[in-house]
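Novice: Sequence and predicted structure, then a few things I'm wondering about:
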Amino acid sequence: MLKATIASTLALAAVVTLSGCSKGSEEAAKAPVADAAAPAALPTSVPENHPAVKPSAEVDLAGIAKAEGGKTVAEVFAEKDALANQQVVVRGKVVKANYGVMGMDWLHVRDGSGAEGTNDLTVTATSAPAKVGDTVLVTGKVATDKDFGMGYQYPVLVEQADVKIEGAAATP
């Protein structure tokens with residue numbers, strides 16, 4: 001609370017300094033005062049070179065075959081305790097991708113198996129050129145109950161994965 005009060009006071013001081021301190025100044029009266037306790041607004045647009053992000057509902061999951069010797073997304077969730085710290089192979093489609101977060105690329109992979117909550121497998125890789133809609137073969141170590149803080153908790157995660165793009169997207 002004290003930090004928020006100090007931050008609000010500093011923000012008000014900055015507005016007064018920038019807009020002038022004369023009594024009755026319309027500019028000073030109209031100047032917006034930011035609430036320092038409120039989070040900063042996030043940008044509403046992405047950089048022009050950023051790939052378009054498709055909602056997962058637009059990614060066709062039909063016809064994804066289980067990897068030979070591998071698991072489905074639903075099986076990884078169902079067997080997570082037995083698979084902890086083990087290598088796993090999963091084939092699916094990328095439904096969401098975030099690049100360069102904490103030095104890793106983060107992919108959300110689905111194969112059409114599982115119910116809500118067990119149908120979206122998060123995968124981290126140090127270099128994953130895969131994009132939303134790509135069919136990928138993921139090989140990595142299963143981690144369970146990972147908590148990165150700030151609300152980012154994962155009951156199951158495939159870490160340090162080797163991600164191979166399959167099909168037409170794999171050819172240059």
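Specialist: That came in fine, so what should we check first?

Novice: Need the three-state assignment for Glu75.
Specialist: Secondary structure, DSSP: H, G, I helix; E, B strand; the rest coil: Glu75 is helix.

Novice: my bad, Ala67
Specialist: Secondary structure, three-state DSSP: Ala67 is coil.

Novice: okay, now it: neighbour count?
Specialist: Taking other C-beta atoms under 10 Å as the criterion, the count of residues near Ala67 is 18. Any C-beta I mention is one placed from the backbone N, CA and C, and that applies to glycine too.

Novice: Check which helix or strand Arg91 maps to.
Specialist: Assigned by DSSP states H and E, Arg91 falls within strand 87-101.

Novice: What is that strand packed up against?
Specialist: helix 73-78, strand 104-110, strand 135-147, strand 153-166 (3 or more C-beta pairs under 8 Å, 6 or more residues apart in numbering; DSSP states H and E).

Novice: who does the second one pair up with?
Specialist: On the basis of DSSP bridges, the sheet neighbours of strand 104-110 come out as strand 87-101 (antiparallel), strand 121-125 (antiparallel).

Novice: State the mean pLDDT of the last one.
Specialist: Looking at strand 121-125 alone, the average pLDDT works out to 95.

Novice: how about the closest residue to Gly69 other than its chain neighbours, what does it touch?
Specialist: In this structure, Gly69 finds its nearest non-sequential neighbour in Val89, 6.3 Å apart by C-beta to C-beta, 6 or more residues apart in numbering. Neighbouring residues of Val89 by C-beta atoms under 8 Å, 6 or more residues apart in numbering: Ala67, Gly69, Gly70, Lys71, Leu137, Val138, Thr139.

Novice: Show the buried residues in these.
Specialist: Ala67, Gly70, Lys71, Leu137, Val138, Thr139 (16 or more other C-beta atoms under 10 Å).

Novice: quick one, domains of this protein?
Specialist: In terms of domains, the chain is parsed into 1-40, 63-170 (source: automatic domain parsing).

Novice: Flag the helix or strand of this structure with the lowest per-element mean pLDDT.
Specialist: helix 2-19 (a mean of 39; mean pLDDT, DSSP states H and E).
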